[in-house]
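I would like the atomic coordinates for the input below:
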Amino acid sequence: MAMILRRLLPKGTRRSNHLGGLAIFGAVIVVLVGLIALLAPWLAPYELNYLDMTRQLEGPSADHWLGTDENGGDILTLLLYGARVAVIVGLATVSICTSVGLTLGAVSGYFGGWIDEVLMRLTEILMAFPGILLAILLIFITQEPSLLAVIGALSVSGWAGYARLVRAQVLSERDRDYVEAARAQGFAVWSILFRQVVPNIMAPVIVQATFGMAGAILAEATLSFLGLGPQDLPSWGALLDQGASYFLLTPHLAIFPGLAIMFTVLGINFLGDGLRDVLDPRALTRH
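Below is the predicted model of the structure:
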């Protein structure tokens, strides 16, 4: 993984040789969660809509390894399918935020002037609002707590941080020799920006996206915990909300989804720390 990502760095750049132990541990967790999300229908011991009202709030047993919820649903099955929601929200939100932030930040930093002023003022306005509170407000206004609504609400302000980061990187790159050489050769502006400059600033963007995915998963769990997540899909946050109501009676209902959220976010953050050590431009020196 490290070898693939390091290929995104500019040539002639010194870089770290390997990911650390915690980063590898994080990468293993990320891969496992991704596989669970992909293979959930085959791994789950019961159907998603399985309910047994005679076995509500049961503890772990041979029939239900992680117990049952308030409706008699199998918690293990719900956790496996909940991984799908977490992965979809994380990947979709990060993809949208990265695409929008990368484009606007690159344009802002490269062209400057009034374009930079307008885009950065918009960015600052969005960054002034706490992202999770803005997402809660948007979902509450639309009255549509669906998967798409959650992704959209988290993406509305999520791109701003990427735009600021990319702008700063482009400002430091736009006057370098290779950019001047491309201009002298008559390359189109958009070609210089997106084929010459942007590939050379992708390292910090990748690191930012890694941490952004952890934040998106945590934000989705928060929204679901508050009853503003997808209503027709199992979510770790919704299970945690159930568990909070019955914690003294059946603590397993809160413990297992809580552990799922914790290990997933922790694994992504460990991976992000490792990628930052490998790709962080502040740690790099040019020949």
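
okay, helices next: where are they in the stretch 151-287 of the chain?
With helices called from DSSP state H, counting those that start in this stretch, the stretch 151-287 of the chain shows them at 177-184, 189-191, 202-225, 236-245, 252-279.

so can I have JSON lines of those showing mean neighbour count, distance to Arg164 and mean pLDDT?
All C-beta spots, glycine's among them, are computed from the backbone N, C-alpha and C. Compiled in JSON lines, the helices of the stretch 151-287 of the chain are given as follows (neighbours: other C-beta atoms under 10 Å; distance: least, C-beta to C-beta, whole Å; pLDDT from 0 to 100):
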{"stretch": "helix 177-184", "mean neighbour count": "13", "distance to Arg164": "21", "mean pLDDT": "90"}
{"stretch": "helix 189-191", "mean neighbour count": "11", "distance to Arg164": "22", "mean pLDDT": "91"}
{"stretch": "helix 202-225", "mean neighbour count": "23", "distance to Arg164": "10", "mean pLDDT": "93"}
{"stretch": "helix 236-245", "mean neighbour count": "21", "distance to Arg164": "28", "mean pLDDT": "90"}
{"stretch": "helix 252-279", "mean neighbour count": "21", "distance to Arg164": "17", "mean pLDDT": "91"}
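
okay, the ones you listed in TSV with distance to Leu165 next?
As requested, the helices of the stretch 151-287 of the chain are arranged in TSV below (distance: least, C-beta to C-beta, whole Å):
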stretch	distance to Leu165
helix 177-184	19
helix 189-191	21
helix 202-225	6
helix 236-245	28
helix 252-279	13
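
so for Leu148, which of those helices sits nearest?
helix 202-225 (12.2 Å; C-beta to C-beta).

quick one: that closest one to helix 252-279, angle?
170 degrees (axes from the mean of the first three to the mean of the last three C-alpha atoms, to 10 degrees).

and helix 202-225, C-alpha only, in CSV?
Taking Å, rounded to 0.1, in the frame of the first residue of the first chain, the C-alpha atoms of helix 202-225 are listed here in CSV:
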residue,chain,number,x,y,z
MET,A,202,-1.9,14.9,-3.9
ALA,A,203,0.1,13.6,-1.0
PRO,A,204,-1.5,15.9,1.7
VAL,A,205,-4.9,15.5,0.0
ILE,A,206,-4.7,11.7,0.4
VAL,A,207,-3.9,12.1,4.1
GLN,A,208,-6.7,14.6,4.6
ALA,A,209,-9.2,12.2,2.8
THR,A,210,-8.2,9.4,5.1
PHE,A,211,-9.0,11.3,8.3
GLY,A,212,-12.1,12.7,6.5
MET,A,213,-13.5,9.2,6.1
ALA,A,214,-13.1,8.5,9.8
GLY,A,215,-14.9,11.8,10.5
ALA,A,216,-17.7,11.0,8.1
ILE,A,217,-18.3,7.5,9.6
LEU,A,218,-18.4,9.1,13.1
ALA,A,219,-20.7,11.8,11.9
GLU,A,220,-23.1,9.3,10.4
ALA,A,221,-23.1,7.3,13.6
THR,A,222,-23.9,10.6,15.5
LEU,A,223,-26.8,11.4,13.2
SER,A,224,-28.2,7.9,13.4
PHE,A,225,-27.9,8.0,17.2
